[in-house]
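Asks: I'd like to go over a predicted model; first the sequence, then the structure.
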Amino acid sequence: MHLTACLIASILMSTEVIFSTPKQAFGELRPGFEGATQGCFNKDTYACPCWKGSSINRRRARSGNQKEIFTRNKRSRKNRELTRRDFIKTSAVAGAALASGTNRIFAAGSDELRIGLIGCGGRGMSATSQTLTCTKRGVKLWAVGDVFGDRVKASLEMLHKGAEPRYDREAFPSLSDKMNVPRRRQFVGFDAYKKVIESGVDIVILACPPQFRARNFKAAVEAGKHVFMEKSVAADPVGVRSVIASAELAKRKGLSVVAGTQRRHQAHYIEIMRRIHNGEISEIRAAQCCWAMGLLWVQKREPGWSDMEWQIRNWTLRRQNMSSAICR
Amino acid sequence: METKAIQEMPGLSRRDFIKTSAALGTVTLASGTSRIFAAGSDKVRIGLIGCGGRGTNDATKCLRSSENTELVAMGDLFKGRLDRCRRTLKRKLSDKVKVTEDKCFVGWDAHKKVVGCDEVDMVILTEPPHFRPGHLKAAVEAGKHVFMEKPVAVDPVGVRSVIASSELADRKNLTIVAGTQMRRISHLVEGIKAIHDGAIGELVGGQCVRLGGGMLTWSSNTKQRQPNWSDMEWQLRRWLFLTWLSGDFIVEMHVHNLDVMNWAFGGPPVQCVGMGGREVRTAPEYGNVFDHFAVEYEYPNGVRVEYMGAQIDGVTGRNDQRLVGTKGRAYTDFGRVVIEGRNQTEYAWDQLDPEIKQHADQIAAIRQGKRLNEGRRIAESTMTSIMGRMSAYTGRALKFDWAMKASKLDLSPPKYEFGDLPMRPVAVPGKTRLV
């Protein structure tokens, strides 16, 4: 949430992307902190800390020694909704607005930003709902595109209706008043991303399977659009090189680019990293990182689906789409 | 290489023995069942149980390690293996191989007959690991000194039996040496001692990586199942690839690497969580073992060590350990130890064959009546490997203490006879139960 707010703030001020470090009291890190950075956070349960605060960990947090982390999470939610005043304050600190060349120049915080969503799956919907709710006004969903028509339909329905919380998404209300997506700006097919980019949007949200990111990103930057793109941004080295080239072009054009690595924007991660970089655990000598979980989801193949359709609909399991879980 | 070892650790004469004992102030205790060397002959007479490649190798090295040693009895389940081993040993060491026809025992109870020979002082146990706990128990109860190959069990029930036998051996003043020759490689001994003395400060992490080939050509003449082979015979002849017999390769082979980690940390880990699978070695002749594992071990004080192991052809080869301390790092493959940081040093390979040294040490200890018992140590290292396998097979994190005290896992077949024995299915993480 903070992440999309940052993006919008930076676009409104035509500055490079910046984000503020929330200053809320962090308190003393508990004695296990040295251990925490080596990954042995919770010695009793052997559980790794989940700073994201998913439902399972919240439950554990209330009874165990992750309580502190939980309360920090709660505190940091105050920051969820940044007001325009916050934007201006934050951005002003960061410096003068840059001339962008190709993109629209925004009068400080007054214009409406048009959002284009490319990739109407679960993640695209989450990112869009977060983008639309992170500020009170000034953003509007303008166009959507996906390779499948049913996903376009389902995602718009849900954004109109609102949604219950899910493991990877908070609840959101009906967002109809922040949407202006007539049928002519609902695009379906392999070239839907081009049509979204050409539809008069200011920002595109790139949430297709990772394999498509590089070319979607390239097209968006060449057309002078600001980009929020989900991680991971490629499934192979050729894709990575393309993303780096597009990022350099975006820089030259004064476009903002934010990647969906939300931990970089989470208050306690930022604070812990600050302390680590300040040398509180001395030189880093060892580190571990673990993510073990169940199978995400499987789409049963339906008659009439081509190989390509089946593979894209099952993209988490396809190597060419995302290489493997390690990227996710 | 071997002669050097012999020069350094010669067979001691009786006079040496008396001198040494007096100097050390050691007193030879009455053991009840084992022979007292001061009173009798200097000669150490050996029985070999398990006449495969490793048995042939260990018997050779043992006989070469010390003077006045003789091989006097042999046992194996299969006559063919025994005969071949006996021929090879005779050819190599004709003056030391004194095994008469009536001291060659074949069958399921061959080990009992070898340990039942009065003239045997010490046995070498080199059958597949599944049999080790039972054979060790029989040997110790019969009052024999034991050299046993690693690993020493395939399941927690076996590990507990080894520890019990090892304690009995202590009470009987019997020596036990385990085939963890890494513990006798001089540069490792020096390097690990330096680490214990604080050369890299307090240990805060480590890695242990062993990636090698798929062993696909191992025992290639048994790849094709013969029509007259029962399930049991087929599995025994392909024992390396059956978990109940070998313990899987994390136990059978990589116990060496994990033992070095336990050595550096001064004991076994507290808990672990592992993952693994069988991606390449999937044909039926490769039984039900995995071909890759990744296990994170946690040692006391929250220090984590990552182990990664594979037996897959065509992967990048690795066989090394790395320890991270507050004042530096130590890297070791089996050729050297390099300490980096404030106390930079390199301990290099000294050419002494550690496999010779382990036998020489044991025979010297037997003659001097010195205590030498590696039973518990190798049992704990074996358990370290077993718990990693159990975690990877089930996908569940588990504690060393739980495995040691509470796990009921016992991979023994219902009966030991040639007949039907359906192969246990390949483990499936998340589905295979943690027992």
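Replies: Yes, it's here.
Asks: hmm, residue B:90 and residue B:63 touching each other?
Replies: No: if you go by Cβ atoms under 8 Å, residue B:63 and residue B:90 don't touch, sitting 11.4 Å apart. Every residue, glycine included, has its C-beta placed from N, CA and C.
Asks: neighbour count: the two, which is higher?
Replies: Higher neighbour count among residue B:63 and residue B:90: residue B:63, with 23 against 15, using other Cβ atoms under 10 Å in any protein chain shown.
Asks: thinking again about what came up before, shared neighbours, residue B:63 and residue B:90?
Replies: Residues touching both residue B:63 and residue B:90 by Cβ atoms under 8 Å, 6 or more residues apart in numbering or on different chains: residue B:97.
Asks: stretch B:339-346 vs chain A: in contact?
Replies: No: counting by Cβ under 8 Å from any Cβ of the partner chain, chain A has no neighbours in stretch B:339-346; the shortest distance is 9.9 Å.
Asks: so residue A:204 sits in a helix?
Replies: No: going by DSSP: H, G, I helix; E, B strand; the rest coil, the assignment for residue A:204 is strand, not a helix.
Asks: pretty sure it is touching residue A:228, no?
Replies: Yes: counting by Cβ under 8 Å, residue A:204 touches residue A:228, with 7.5 Å between them.
Asks: between the two, which one's more packed in?
Replies: Using other Cβ under 10 Å, the more surrounded residue of residue A:204 and residue A:228 is residue A:204, with 30 against 25.
Asks: that one: what's it in contact with?
Replies: Neighbouring residues of residue A:204 by Cβ under 8 Å, 6+ apart: A:115, A:116, A:117, A:118, A:196, A:197, A:216, A:220, A:225, A:226, A:227, A:228.
Asks: can you report how many residues lie near the nearest residue to residue A:209 once chain neighbours are set aside?
Replies: Using Cβ to Cβ, 6 or more residues apart in numbering or on different chains and skipping residues adjacent in sequence, the residue nearest residue A:209 is residue A:315, 3.8 Å away. Residues lying near residue A:315 (other Cβ under 10 Å) number 18.
Asks: please report the distance of residue A:315 from residue B:415.
Replies: 51 Å (Cβ to Cβ, to the nearest Å).
Asks: same check on residue B:403?
Replies: In terms of Cβ to Cβ, residue B:403 sits 26 Å off from residue B:415.
Asks: residue B:189 too?
Replies: 44 Å.
Asks: who has more neighbours, those two?
Replies: residue B:189 (17 against 9).
Asks: is the host helix or strand of the more buried one up against chain A anywhere?
Replies: In this assignment (DSSP states H and E), residue B:189 forms part of helix B:186-196. No: using Cβ under 8 Å from any Cβ, helix B:186-196 never reaches chain A; the gap is at least 14.5 Å.
Asks: who touches that helix?
Replies: Contacts for helix B:186-196 (Cβ under 8 Å, 6+ apart): B:182-183, B:203, B:260, B:263-264, B:266, B:323, B:325, B:330, B:332, B:334, B:336-337, B:339, B:343, B:345, B:347-350, B:352, B:354.
Asks: redo that, cut-off 7 Å
Replies: B:182, B:263-264, B:323, B:330, B:332, B:336-337, B:339, B:345, B:347-350, B:352 (Cβ atoms under 7 Å, 6 or more residues apart in numbering or on different chains).
Asks: go on, stretch B:331-350?
Replies: Stretch B:331-350 is contacted from outside by B:182, B:185-188, B:190-191, B:194, B:199-200, B:319-322, B:327-330, using Cβ under 7 Å, 6+ apart.
Asks: among these, which ones are buried?
Replies: Listed as buried from the contacts of stretch B:331-350 are B:182, B:185, B:187-188, B:191, B:194, B:199-200, B:319-322, B:328-330; burial here means 16 or more other Cβ atoms under 10 Å in any protein chain shown.
Asks: and these, which is closest to chain A?
Replies: Nearest to chain A among the buried ones among the contacts of stretch B:331-350, counting by Cβ to the nearest Cβ, is residue B:329 at 7.9 Å.
Asks: for residue B:116, which residues are in contact?
Replies: Counting by Cβ under 7 Å, 6+ apart, residue B:116 touches residue B:142.
Asks: next secondary structure element downstream of the longest strand along chain A?
Replies: Longest strand of chain A, by residue count under DSSP state E: strand A:139-146. Remark: after strand A:139-146, the chain's next helix or strand is helix A:149-161, criterion DSSP H and E.
Asks: quick check: next helix or strand after that following helix?
Replies: Sequence order places strand A:186-188 as the next helix or strand after helix A:149-161, per DSSP H and E.
Asks: which residues does residue B:276 bridge with?
Replies: residue B:293 (DSSP bridges).
Asks: distance of it from chain A?
Replies: 12 Å (Cβ to the nearest Cβ, to the nearest Å).
Asks: since that was my last question, I'll sign off now.
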